[in-house]
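1. For reference, the sequence and a predicted model appear below.
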Amino acid sequence: GSEMCIRDRYKNAHSDISKFVVIPHLVNIDDFYANSEPKHGDKYRIGYVGAFHKGIREPDLVVEKILGLQDQFASQCQFDFYGPLNGTSLSDSERLVYHGVVERYEALGLMKSFDIIINVENESCPMSPSKIYECMATGKPILNFLSSTGLSSFNNYPLVLNIGRDTHSAQIEKFIIDSVNKNLSRKNVDEILTGKTLSSIGDQYLSLVGD
């Protein structure tokens, strides 16, 4: 996906260099993985932690779909957004609350506290955000809002709903109800993120130095 895209761009820009290795973002799974406690009558906590960027990653589709949920169902949910807006706008409503920018250590705690995590895909190809791997590292269910490219960064992640313009609110509601108490096992997460962890990226750097 994005790693191929980056490699091609570097090759085009530096045609005199024959060998490129694109090393992906790394993630320390221990920081993010959290065993979820089963819900007992509380609201479903659904949240986004990260930056929006005008023209690259905008909240429009997320807001549209949250506002499109049935009133009765939406009253069972709490939608929280954290992070800089960078030229985009996100208005508070009864359905969603924008909390502004938080420190990195707070962001970690928030991602662990959500029952379901929201991700918003980028419009542009060159680099997948590091937060893709951070979302996966939690093992939590993910509502993934697609960009106009229609591409998902979570093709190998089983606990995800990819949401496009045509996704019906009933599908979103069903996914939330079915998966709110689910969590991937730590073993599953380790397998999915093979080659993306702190230790394996360190090994890749060391092998390059040895070449």
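-> Alright, I've got the coordinates.
2. Got the phi and psi for the closest residue to residue 167 other than its chain neighbours?
-> Using Cβ to Cβ, 6 or more residues apart in numbering and skipping the chain neighbours, the partner closest in space to residue 167 is residue 65 (7.0 Å). Glycine gets a C-beta too; all of them are placed from N, C-alpha and C. Phi and psi for residue 65, reported as degrees, to the nearest 10, are phi -70, psi -40.
3. show me what contacts residue 65?
-> Taking Cβ atoms under 8 Å, 6 or more residues apart in numbering, we find residue 65 in contact with 145, 163, 167, 169, 172.
4. So which residues of this protein form helices?
-> For the chain, the helices defined by DSSP state H cover 2-13, 29-32, 60-67, 71-74, 104-113, 131-138, 169-179, 186-192, 198-210.
5. which stretches of this protein aren't confidently modelled?
-> The chain contains residues with pLDDT under 70 at 1-27, 35-41, 125-129, 196-211.
6. need the contact list for the closest residue to residue 143 other than its chain neighbours.
-> Once flanking residues are discounted, residue 143 sits nearest to residue 118: 5.0 Å by Cβ to Cβ, 6+ apart. Residues near residue 118 by Cβ under 8 Å, 6+ apart: 46, 47, 48, 62, 79, 81, 142, 143, 145.
7. ok, for residue 113, nearest residue in space, not its chain neighbours?
-> Leaving aside its chain neighbours, residue 113 sits nearest to residue 45 (6.5 Å; criterion: Cβ to Cβ, 6+ apart).
8. For beta bridges, what are the partners of residue 49?
-> residue 82 (DSSP bridges).
9. Give the full set of residues in contact with it.
-> Neighbouring residues of residue 49 by Cβ under 8 Å, 6+ apart: 82, 83, 102, 107, 110, 111, 117, 131.
10. which residues touch the first one?
-> Residues touching residue 82, when contacts are defined by Cβ under 8 Å, 6+ apart, comprise 47, 48, 49, 50, 99, 100, 101, 102, 106, 107, 110.
11. how about 6 Å then?
-> 49, 99, 102 (Cβ atoms under 6 Å, 6 or more residues apart in numbering).
12. which one of the residues you listed is nearest residue 155?
-> residue 49 (22.1 Å; Cβ to Cβ).
13. any idea how far residue 164 is from that closest one?
-> 22 Å (Cβ to Cβ, to the nearest Å).
14. And residue 99, by the same measure?
-> Counting by Cβ to Cβ, the gap from residue 99 to residue 164 is 27 Å.
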